[in-house]
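Novice: Task: produce atomic coordinates for the following.
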Amino acid sequence: MATLILGSAIATLDTTIATTALPTIAADLHARPETSIWIINAYQLAMVATLLPLAAYGDIVGHRRIYTGGLALFTLASLACGLASSLPMLIAARTLQGIGAAGILSVTSALIRFIYPHSQIGRAQGLNALIVAVFFAIGPMVASGVLAVTSWPWLFLINIPLGSFAVLSAFRALPHRTGERPSHSFDSTGGILVACMFGLLILGLGDAAHHASPIWIVCEWGASLVCFGALLYRQRAHPAPLFPVDLFRQPLFSLSVLTSIFAYATQGLAFVSLPFLFETVMGRSQTEIGLLLTPWPVIVAFVAPIAGRLSERQSVAVLGGVGSLLLCLGMALLVFLPEQATFLDIAWRLAICGAGFGLFQSPNLKALTASVPRERAGAASGIIPTARLLGQALGTALVAACFTIAGEAGSVTALWLGSAFSGLACVTSLMRVYKKR
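Specialist: This is a model prediction of the structure:
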């Protein structure tokens with residue numbers, strides 16, 4: 001479990017750590033802002049595009065192999081990122097790093113299911129949820145701390161000793177395959193279609209966030225739909241489709257995925273819009289902004305493990321619904337922050353958001369992993385980070401749309417929208433009570 005925690009931590013941290021350092025990296029590499037954004041996009045696109053194919057391949061060759069290979073590739077790519085001397089080199093290295101991160105995250109939940117007995121999956125997922133939530137939230141603060149004492153390559157080079165230790169640990173600690181090997185082989189063409197489908201979808205969301213041509217965005221999303229249709233047609237009779245249509249036929253699984261997307265969209269809306277609110281409206285510095293955001297991940301760190309244990313005795317649908325409702329309330333309360341808000345004014349509101357998010361996350365992870373057959377654990381494991389990244393990308397794109405429509409009031413509009421999304425998460429979570437009955 002320590003091996004899985006370390007891998008999830010470094011993969012999640014690198015999702016956000018480069019965002020804070022982007023202006024510094026662009027200036028050092030003499031890159032234009034509109035092209036330097038590909039340092040972020042390359043990592044996210046590569047990760048989203050390969051999560052489900054790698055998860056499906058893990059069901060065939062073993063989750064341990066995919067995880068260990070992903071860790072090794074991520075570590076080597078981190079070295080390439082730190083040594084990159086031009087923007088194209090860095091983008092290429094970040095692409096490989098994203099594929100490595102997908103190998104780590106795509107099978108983590110599946111390995112947890114084989115490590116822990118069924119009665120303790122809730123607390124294990126609570127621990128995993130804690131790591132993902134905290135390291136996603138503290139990414140900007142870690143980046144600011146590293147840049148304060150050294151140069152940007154160390155944002156990536158620091159992964160090398162951590163990744164190397166995790167690889168050695170994975171060889172010794174992670175479980176081998178249990179059960180019979182599936183009779184079907186890996187569908188390479190289907191894997192390409194999945195990669196194109198999610199890659200074009202996320203690319204369209206990113207272009208929408210950066211005010212690209214509407215025609216171009218529609219073309220990207222249209223091509224994504226074409227790939228989705230072709231994938232469904234190709235794998236209509238496949239026993240274990242890459243896009244797990246068989247799992248989505250189960251209402252509990254599909255509602256859990258929807259709940260996850262809505263809640264992570266709320267998180268994306270909050271963590272992108274709040275820095276603008278703190279800086280432009282309240283006049284806070286970059287260092288203060290990092291400190292002001294800390295109550296959310298700190299409270300998640302306390303609540304997520306507790307929620308994981310509660311999910312072993314209480315309904316995951318009710319726990320997720322209550323957590324989403326608290327998140328909805330906290331987002332609405334942030335809208336009414338005074339312009340001269342003190343740290344306490346901000347902290348207790350963000351604490352409510354963190355408590356709600358932590359209470360939702362662990363039970364929802366358990367619902368996603370425990371509601372599928374063991375032989376399809378890899379597919380469910382791949383859907384978990386895919387839903388998270390889709391939600392976060394949707395939230396980021398909506399923040400840009402809010403600023404385009406509402407101008408300076410865009411941050412407040414985004415917070416209202418986040419409250420609405422968490423309200424939807426509450427509804428979809430509680431619907432699982434009815435479906436289970």
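Novice: mind checking the SS state of P338?
Specialist: Three-state assignment for P338 (DSSP: H, G, I helix; E, B strand; the rest coil): coil.
Novice: how close does it get to L13?
Specialist: Plainly put, P338 is 33 Å away from L13 if you go by C-beta to C-beta, to the nearest Å. All C-beta atoms are positioned from the backbone trio N, CA, C, and that covers glycine.
Novice: Which of the two has more residues huddled nearby?
Specialist: L13 (24 against 8; other C-beta atoms under 10 Å).
Novice: Excluding residues flanking it in the chain, which one is nearest the more buried one?
Specialist: F135 (4.6 Å; C-beta to C-beta, 6 or more residues apart in numbering).
Novice: which residues touch stretch 78-92?
Specialist: For stretch 78-92, the surrounding residues in contact (C-beta atoms under 8 Å, 6 or more residues apart in numbering) are 14, 25, 29, 31, 35-36, 38-39, 42, 93-94, 96-97, 153-154, 156-157, 159-160, 163.
Novice: With stretch 267-285 instead?
Specialist: By C-beta under 8 Å, 6+ apart, the list of residues contacting stretch 267-285 reads 136-137, 286, 288-289, 292-293, 296, 331, 334, 337, 339-341, 353, 357, 391-396, 398-399, 402-403, 408, 410-412, 414-415, 417-418, 421.
Novice: buried subset of these?
Specialist: 136-137, 289, 292-293, 296, 331, 334, 337, 341, 353, 357, 391-396, 398-399, 402-403, 410-412, 414-415, 417-418, 421 (16 or more other C-beta atoms under 10 Å).
Novice: Among the residues you listed, which are located in helices?
Specialist: 136-137, 289, 292, 296, 331, 334, 353, 357, 391-396, 398-399, 402-403, 410-412, 414-415, 417-418, 421 (DSSP state H).
Novice: give me the low-pLDDT residue ranges for the stretch 151-300 of the chain?
Specialist: Applying pLDDT under 70 to the stretch 151-300 of the chain picks out residues 177-184, 209-210, 285-287, 290.
Novice: hey, where'd the strands end up in it?
Specialist: Secondary structure of the stretch 151-300 of the chain (DSSP state E, counting those that start in this stretch): no strands located.
Novice: so who does the nearest residue to L424 once chain neighbours are set aside touch?
Specialist: Closest residue in space to L424, ignoring its immediate chain neighbours: F262 at 4.6 Å, by C-beta to C-beta, 6+ apart. Contact partners of F262, counting by C-beta under 8 Å, 6+ apart, are S324, G391, F421, S422, L424, A425, T428.
Novice: burial count for the first one?
Specialist: The criterion is other C-beta under 10 Å. On that basis, S324 has 29 neighbouring residues.
Novice: Over to the fourth one?
Specialist: Neighbourhood size, S422 [other C-beta under 10 Å]: 31.
Novice: The nearest residue to W216 once chain neighbours are set aside and C219, how far apart?
Specialist: Once flanking residues are discounted, W216 sits nearest to D207: 6.5 Å by C-beta to C-beta, 6+ apart. From D207 over to C219 the distance is 10 Å, taken as C-beta to C-beta.
Novice: Among those two, which residue is more densely surrounded?
Specialist: Using other C-beta under 10 Å, the more surrounded residue of D207 and C219 is D207, with 18 against 13.
Novice: Can you tell me how far that one is from I37?
Specialist: Taken as C-beta to C-beta, the span from D207 to I37 is 10 Å.
Novice: do the same with E220
Specialist: For E220, the distance to I37 - C-beta to C-beta - is 16 Å.
Novice: Check W416 too.
Specialist: 27 Å.
Novice: wait, doesn't G100 sit right on T68?
Specialist: No. Taking contacts as C-beta atoms under 8 Å, G100 lies outside contact range of T68: 10.8 Å.
Novice: Which one of the two is surrounded by more residues?
Specialist: Each of G100 and T68 had its neighbours counted (other C-beta under 10 Å), and the higher figure belongs to G100 (30 against 23).
Novice: Mind listing what's buried along stretch 228-238?
Specialist: Buried, per 16+ other C-beta under 10 Å, within stretch 228-238: F228, L231, Q235.
Novice: from these, which ones fall inside helices?
Specialist: F228, L231.
Novice: What average pLDDT does stretch 421-429 get?
Specialist: Taken as a whole, stretch 421-429 has a mean pLDDT of 92.
Novice: Torsion angles phi and psi at the residue located most distally from the centre of the chain?
Specialist: What lies farthest from the middle of the chain is Q340; by C-alpha atoms, centre = their mean that is 32.7 Å. Backbone torsions of Q340, given as degrees, to the nearest 10, read phi -100, psi 40.
Novice: ok, now how distant is it from L83?
Specialist: Counting by C-beta to C-beta, the gap from Q340 to L83 is 47 Å.
Novice: Kindly report the same for A400.
Specialist: Distance from A400 to L83, by C-beta to C-beta: 33 Å.
Novice: which of the two has more neighbours?
Specialist: More neighbours surround A400 than the other of A400 and L83, with 19 against 13 (other C-beta under 10 Å).
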